[in-house]
Structures are given as structure tokens and as C-alpha cells.
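Undergrad: attaching a predicted model along with its sequence, questions to come.
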Amino acid sequence: MAYRMRVLGVYGSPRRDGNTDLLLNQFLKGANESGHKIERIYVRELKILPCLACGECEKTGECIICDDMDIIYKAFINTECLVLTSPIYFYSVTAQIKTLIDRCQALWYKRKISNNNNFRPAFFISVAGTKGKKVFEGAMLTVRCFLNAIGFRLKNCWLYPGFDAKGEIEKHPDILSKIYSAGKNLI
């Protein structure tokens, strides 16, 4: 069966089956039902070392560290659409996602070396335990910069404050339905 687009879902929460996991599952379910090819990466299951700031990737676009980032590099290069999720920790993304982001400096240099200025669509889904006015601002700055650096443009984001307990989002079928529809109507 031919698929419409390769969609990569990146699960950024350290908590299995938490609110962002549940939301991303809905998005990918909708996308899959519309004929898109789905791939999933659970960052919490990978071994990713932090960036060493050694500068080696500046020369080649390749990171010298051998770990599970190799899986992520390949997936990011080969996908046509990226859906990133992260709950908010101290007004930013999780440590798992931030480590992944920092290690993508190599992809930025790879794009720079190859003079690749093409951008693919990306989406961000986030949940915060608090309802602070600016609770998503730090994460949004980081996510936008990251996506642009690796060749994606943020098309849309869904940000839900006030959901702290595991699975609490399931009590809101309207939100789950909205995210499912976003995936179902992915173009």
C-alpha cells in the first residue's frame, strides 16, 4: 500500500503513557488512518549522551559520539513530517528532549554544509502541570529554533496547561478528538 507521507512521532516524556504520550498517540492514530506511514521514537528508551561541544560536527556534519542518536539522526533525515511532544519541566522541554536537541547541532551543520534550505512540516504537542501565563514560552523558543535548525517549520502546536496527573488528559475527550482530527487531516 502506498502511503501519503512519512510521519515521525517523537515521545519526549520520561513518563510512559503520560498526557503527552496519549495526545501523540491520538495524532498518529488519525494520521495512520489517513494513509500516512507512522514511525515512533520513545526518547526515554534511548541512551543519548550530552553534546561535548568538541566542534567535530562543524567539519563534517557528523557527530563523533556513538550512541542512540544515530537512530534519531537517520529518522529525522528520512521523515517528511515531525511531531514532537514534551511536557513542560521548569518552563522548558524535558531533559531528554533538550539533550536530543543539543546533539542535533550535527544536523544543523550537515544542512549548512549541503546548503539545504528546504523545510518540512512539524508540530509540537505539550502539556504543563501549572497554568502560568508564560508556562510554554521557554519551550516554544527552544522548539522553534531547534526545528528550523534541522530543516522543519512549525505548522501548528497544541499547548495544554493545568494537566499534571498521569492520564488526566483522558478526562477531556474534546482535546483528544481535536488532536486526533489534526492527525487525520494532516496534509
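TA: Thanks, I have the structure now.
Undergrad: for the protein, what spans make up the strands?
TA: Ranges of strands within the chain are 6-11, 37-42, 81-87, 120-128, 152-161, based on DSSP state E.
Undergrad: residues in contact with the last one?
TA: This points to strand 152-161. Around strand 152-161, the neighbours that count as contacts under Cβ atoms under 8 Å, 6 or more residues apart in numbering are 19, 23, 82, 119-128, 130-132, 135-136, 140, 143-144, 147, 169, 175, 178-179, 182. Bear in mind the C-beta positions are built from the backbone N, C-alpha and C, glycine included.
Undergrad: low-confidence bits of the protein, can you list those?
TA: Applying pLDDT under 70 to the chain flags the ranges 1-2, 187.
Undergrad: picking up where we left off before, most tightly packed of the strands of the chain?
TA: strand 81-87 (a mean of 25; mean count of other Cβ atoms under 10 Å).
Undergrad: which elements pack onto that strand?
TA: Judged by 3 or more Cβ pairs under 8 Å, 6 or more residues apart in numbering; DSSP states H and E, strand 81-87 is in contact with strand 6-11, helix 19-33, strand 120-128, helix 137-149.
Undergrad: try it again at 6 Å.
TA: On a contact count with 3 or more Cβ pairs under 6 Å, 6 or more residues apart in numbering; DSSP states H and E, strand 81-87 meets strand 6-11, helix 19-33, strand 120-128.
Undergrad: what lines up beside it in the sheet?
TA: Using DSSP bridges, the strands paired with strand 81-87 are strand 6-11 (parallel), strand 120-128 (parallel).
Undergrad: can I get the ones you listed in a markdown table with distance to residue 28?
TA: What follows is the strands paired with strand 81-87, written out as a markdown table (distance: least, Cβ to Cβ, whole Å):
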| stretch | distance to residue 28 |
| --- | --- |
| strand 6-11 | 5 |
| strand 120-128 | 11 |
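Undergrad: for residue 66, find the nearest of those strands.
TA: With respect to residue 66, and counting by Cβ to Cβ, the nearest of the strands paired with strand 81-87 is strand 6-11 at 20.7 Å.
Undergrad: go ahead and name everything in contact with that closest one.
TA: With Cβ atoms under 6 Å, 6 or more residues apart in numbering as the test, strand 6-11 has contacts from 21, 24, 28, 31, 36-42, 75, 79-85.
Undergrad: if we use 7 Å, what do you get?
TA: Defining contact as Cβ atoms under 7 Å, 6 or more residues apart in numbering, one finds that strand 6-11 is touched by 21, 24, 28, 31, 36-43, 75, 78-85, 186.
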